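# 3D, please:
(chains A and B)
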2 protein chains.
Amino acid sequence: MLTNIALDVMGADKAPDPEIRGAILACRTLPVRVCLVGPQERIRPLLHEYLDGERLPIDVVHASERIGMDEKAAHAVRSKRDSSMRVGLRLVREKKVAGFFTAGNTGAGMATAKMVLGALPGVDRPALAVVVPTSAGSPCILLDVGANVDCKPHNLEQFAVMGEMYARSVLKISRPRVGLLSIGEEEGKGNELIAETLPLIKQLPVNFIGNVEGRDIYNGHADVVVCDGFVGNVALKTSEGLTKLVRDMLKASLNTTVTAQVGALLSRKAFNAFKKRLDPSEYGGAPLLGVRGVCIIGHGSSNERAIYNGIRVAAEFAQAGINERIEREFAQRPASPISSNGIGLPLQ
Amino acid sequence: MLTNIALDVMGADKAPDPEIRGAILACRTLPVRVCLVGPQERIRPLLHEYLDGERLPIDVVHASERIGMDEKAAHAVRSKRDSSMRVGLRLVREKKVAGFFTAGNTGAGMATAKMVLGALPGVDRPALAVVVPTSAGSPCILLDVGANVDCKPHNLEQFAVMGEMYARSVLKISRPRVGLLSIGEEEGKGNELIAETLPLIKQLPVNFIGNVEGRDIYNGHADVVVCDGFVGNVALKTSEGLTKLVRDMLKASLNTTVTAQVGALLSRKAFNAFKKRLDPSEYGGAPLLGVRGVCIIGHGSSNERAIYNGIRVAAEFAQAGINERIEREFAQRPASPISSNGIGLPLQ
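Coordinates of the predicted model:
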């Protein structure tokens, strides 16, 4: 049976081209049916052209508005009732599709998903997670990376539970090592939030390895790294900046001498393999954990391949039944001492 | 005239070898006199051997104890009264030298400096700063990276002043662009600390460019990036981890095929140039800003070259008279509403 995934066709910087091509690629090779959400007058001609007579399980659902990359999340959510994001997420809520993927405005995607889908019962704050590569070859999941800027210890505790479940179910890590992001491995190192969170995560039924440091995100010492959304977002964007710096420097160095240019030419294949391994689009984007439904948010620079992977991960997320597990897990746990309705929009 | 710099000979992982060699290199080429601080029975024979009759302005001051890399800062400060760090910093306090460099335990170095030297008048919390390379070719200074984990808006305001002064005086940037590290460039993006800090930095006589993001640390958009010590430390260590990942991946990719191996061989020179540009030791370590004296803390993995650069930067810092300027600046400003004695040890 095919898994139905709704795709925001107006998400990526170069939308709708990478979306339509990515959907075709996914439908050719994965057990999915893709629902393209966006302005049908733009989608249909392109789809017709790219398919060139090929028959694939692709539908089109019309949405007249687009949320821009620089638009404020709160404004976009309030004013654009027929945006491709909102229409796509409504399909998830109405169970017409099993999951949703967008390469659009991250803040608007999170805010819309929280409003349209709501939080899972027992979840106080949904969290945005990213999956990054490590020196050990295995992936590492970092959360929260931007959904919640001012967190309470109890929020971080829930992030640990949700991240661990995602690592087990989608990344297929049998006993994920969970670390709390701090500035030293010893207990007692860190700020007040960390000191208060540590005992909470300690008593969870997860493989908790204690405090970890920034470098542990990439060295393979942890499978799940938990932090508040401010710290996680800084870590993620610092990584983006550094990756770009490394590429720029490497390019400049390799262009310095003729010998080096020859060398670069010869090792181009190796470089491409390397770039692919470091490319976050291989991991299909960031899952928003803790909402009632599957929502994955990709990078604005997503190409056809990244869209393909986003669709793949959304389908795997849905198939793994993580949300049902999270719901069960939190139903068994005592209610939060600082409970809320769980769908408050973020500050920004 | 030579600038006197005290060097902790027992700092680096491979101490005292890189220290003694680095000091010799510095004295050969820079207008400095280096005071080697550590166990004289170990220093003298090595110095004699490496100098091989050469006459250089190098002194030895005995210190019997060494603070280990894994030792707790608070314990090291309390119990080891004759440590090479403490003796070296005492020389600064007594004005026998103009500055101090150590490649030892960062936490212990900060705690010892704060205790022995104290804070400059008007400075509530000294801050540890690092200088990193950027895509634009210019360096960027990031502070605080670990001296203060729970900061008040007023602390960040002072970091902005001190960082700007260091960028102008030591990095020779004429009108440094100062940014506040947050998770979005628009005002209003960020957590409570950022929202409260923004108006404070706005009214400073510095070239404030507003909120910046993690990626701006490396892309050359800012010359000074201000954050609390927890966030700064995570950003720095995340960068360390990612740099190592990139090296590992690149190495693995380049070893995959014979062609790539030939390519790697041919471009080795370019790689070395690249590695050198990315190497933090080229920037001589992290200055501790806001204490009464010059204290630079280098990486434990420091080699001869890194020690040389540490000595160089300590001398430049002293020559630039930054502390006198910071003192003047804070004397002209109204006292802090949440003033303290300024020498409280950090939590960890």
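
# what strand or helix carries the nearest residue to A:Val77 once chain neighbours are set aside?
The spatial neighbour of A:Val77 that comes closest, neighbours along the chain excluded (C-beta to C-beta, 6 or more residues apart in numbering or on different chains), is A:Ala111 at 4.8 Å. In short, each C-beta sits where N, CA and C put it, glycine included. Using DSSP states H and E, A:Ala111 falls within helix A:106-117.

# helices or strands up against that helix?
Here helix A:106-117 touches helix A:73-79, helix A:84-93, strand A:286-289, strand A:295-297, going by 3 or more C-beta pairs under 8 Å, 6 or more residues apart in numbering or on different chains; DSSP states H and E.

# low-confidence regions, the stretch 201-348 of chain A specifically.
Under the criterion pLDDT under 70, the flagged ranges of the stretch 201-348 of chain A are A:253-283, A:334-348.

# again, only using 90
Applying pLDDT under 90 to the stretch 201-348 of chain A picks out residues A:240-285, A:299-302, A:325, A:327-348.

# buried ones in stretch A:319-336?
Buried residues in stretch A:319-336, counted by 16 or more other C-beta atoms under 10 Å in any protein chain shown: A:Ala320, A:Ile322, A:Asn323, A:Arg325, A:Ile326, A:Glu327, A:Glu329, A:Phe330, A:Ser336.

# dump these into a markdown table; add secondary structure and distance to chain B as well.
Shown next, in a markdown table, are the buried residues of stretch A:319-336 (DSSP: H, G, I helix; E, B strand; the rest coil; distance: C-beta to the nearest C-beta, whole Å):
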| residue | secondary structure | distance to chain B |
| --- | --- | --- |
| A:Ala320 | helix | 27 |
| A:Ile322 | helix | 26 |
| A:Asn323 | helix | 26 |
| A:Arg325 | helix | 29 |
| A:Ile326 | helix | 25 |
| A:Glu327 | helix | 29 |
| A:Glu329 | helix | 28 |
| A:Phe330 | helix | 25 |
| A:Ser336 | coil | 21 |
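
# any idea what the most centrally placed residue in chain A is bridged to?
The residue lying closest to the centre of chain A (C-alpha atoms, centre = their mean) is A:Ala286, at 0.4 Å. Residues in a beta bridge with A:Ala286, per DSSP bridges, are A:Ile297.

# in contact with it, which residues?
For A:Ala286, the contact set (C-beta atoms under 8 Å, 6 or more residues apart in numbering or on different chains) comprises A:Thr106, A:Leu128, A:Ala129, A:Val130, A:Val131, A:Val145, A:Ile296, A:Ile297, A:Gly298.

# what's the burial count for the third one?
Residues near A:Ala129, counting by other C-beta atoms under 10 Å in any protein chain shown, number 27.

# which residue packs closest to it, ignoring adjacent ones?
Nearest one to A:Ala129, counting by C-beta to C-beta, 6+ apart, is A:Leu143 at 3.7 Å.

# so which residues on the stretch 1-150 of chain A come close to chain B?
Residues of the stretch 1-150 of chain A lying near chain B by C-beta under 8 Å from any C-beta of the partner chain: A:Lys72, A:Gly107, A:Pro133, A:Thr134, A:Ser135, A:Gly146, A:Val149, A:Asp150.

# same thing but at 10 Å, please
Contact residues (C-beta under 10 Å from any C-beta of the partner chain) of the stretch 1-150 of chain A with chain B: A:70, A:72-73, A:107, A:132-137, A:140, A:142, A:145-146, A:148-150.

# out of these, list just those in helices.
Among the residues of the stretch 1-150 of chain A next to chain B, DSSP state H puts A:Ala73, A:Gly107 in helices.

# narrow the residues of the stretch 1-150 of chain A next to chain B to just the buried residues.
Buried among the residues of the stretch 1-150 of chain A next to chain B by 16+ other C-beta under 10 Å: A:72-73, A:107, A:132-135, A:140, A:142, A:145-146, A:148-150.

# out of those residues, which one has the weakest pLDDT?
Lowest pLDDT of these: A:Gly146, 82.

# tell me who's in contact with A:Val34.
Residues in contact with A:Val34, defined by C-beta atoms under 10 Å, 6 or more residues apart in numbering or on different chains, are A:2-7, A:9, A:19-20, A:22-27, A:56-60, A:97, A:101, A:307, A:311, A:314-315.

# sorry, back to before: give me the distance between the residue nearest to A:Val77 and A:Gln158.
Look at A:Ala111 and A:Gln158: by C-beta to C-beta, to the nearest Å, they are 19 Å apart.

# out of the contacts of A:Val34, which are inside helices?
Short answer: these in helices (DSSP H) are A:Glu19, A:Ile20, A:Gly22, A:Ala23, A:Ile24, A:Leu25, A:Ala26, A:Cys27, A:Ile307, A:Ile311, A:Ala314, A:Ala315.
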